[in-house]
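Student: Below is the sequence, then the predicted model.
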Amino acid sequence: MLSIIWFAMIILSVVCSIITGRMEYLTAAVTDGTDKAIQLIISMAGVMSLWSGIMKIAEKSGVTEGISKLLSPLLKRLMPEYEPESPAMQAVSANITANILGLGNAATPLGIKAMKEMQRTNNLIDTPNRSMIMFVVMNTASIQLIPATIAALRKAVGSAEPYSILPYIWLTSFGALIIGIIAVQIFGTVRGAKNG
């Protein structure tokens, strides 16, 4: 569906530029946009490589395991289907750690690994359990103490103070996380009552 929308937007842009006689502006915008996209990708690659490497070092050195132990009382209450020492909860903790550091792209493979580990012990193949739903909500609306990806994007496009958005990110991500957790608790209880 999304590819159809993109294709329609491209066709509409070309048709409008022909009708209005501004084809040269469209050509210039396409060329300029691709140049800027490549520059942005190159500048982001360095930051993402750095933080992905740091996360791998943290995992190998046992830091994520320590964070897992620190988070285990909270995660045990939110995801009761899994033991704190299980591979699923280790992967969940690594994902949460990456999200706290604001490493959205580095957190993605960790999130996929966590979901695969959680699915291994899920009795239903095509239906997520409550803990899996809670993980998706927490992963999507995570607290970001250091929004490294957003700061790198802001710096790449010329922001003089890329970290000036910190209070707003803390407020919105914390609010989204709390609302998401409450929603899962409410709807999970309602769903459990209906199924019971």
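Tutor: Nice, I can see it. Residues are numbered from 1 along each chain as shown.
Student: make it CA atoms for all contacts and neighbour counts henceforth
Tutor: Fine.
Student: Counting neighbours, which bits of the helix or strand harbouring Ile19 end up buried?
Tutor: Taking DSSP states H and E as the definition, one finds Ile19 inside helix 2-20. Residues of helix 2-20 classed as buried by neighbour count (16 or more other C-alpha atoms under 10 Å): Ser17.
Student: where do the helices sit along the protein?
Tutor: Assignment of helices within the chain using DSSP state H yields the ranges 2-20, 23-61, 63-78, 87-100, 104-120, 130-140, 148-156, 166-195.
Student: Now mean pLDDT too, for these, in CSV please.
Tutor: Formatted as CSV, the entries for the helices of the chain read as follows, by pLDDT from 0 to 100:
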stretch, mean pLDDT
helix 2-20, 89
helix 23-61, 79
helix 63-78, 77
helix 87-100, 81
helix 104-120, 83
helix 130-140, 87
helix 148-156, 77
helix 166-195, 79
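Student: ok so, going back, got the angle between the helix holding Ile19 and helix 23-61?
Tutor: Here helix 2-20 runs at 150 degrees with respect to helix 23-61, directions being taken by axes from the mean of the first three to the mean of the last three C-alpha atoms, to 10 degrees.
Student: Now do the contacts for the residue of the chain most remote from its centre.
Tutor: With distances taken from the mean C-alpha point of the chain and given as C-alpha atoms, centre = their mean, the most distant residue is Gly21, at 41.6 Å. If a contact means C-alpha atoms under 8 Å, 6 or more residues apart in numbering, then Gly21 has no contacts.
Student: From Ile181, how far out is it?
Tutor: Remark: distance between Gly21 and Ile181 (C-alpha to C-alpha, to the nearest Å) = 53 Å.
Student: Equivalent analysis for Ser86, please.
Tutor: Going from Ser86 to Ile181 by C-alpha to C-alpha gives 22 Å.
Student: Between the two, tell me which one has more neighbours.
Tutor: Comparing Ser86 with Ile181 by neighbour count (other C-alpha atoms under 10 Å), the higher total belongs to Ile181, at 17 against 12.
Student: Please name the residues that touch the more buried one.
Tutor: Contacts were defined as C-alpha under 8 Å, 6+ apart; by that measure Ile181 touches Met134, Val137, Met138.
Student: Run a quick neighbour tally on the nearest residue to Ile169 once chain neighbours are set aside.
Tutor: Closest residue to Ile169 in three dimensions, ignoring its sequence neighbours and counting by C-alpha to C-alpha, 6 or more residues apart in numbering: Gln144, at 6.9 Å. For Gln144, the number of neighbouring residues by other C-alpha under 10 Å comes to 23.
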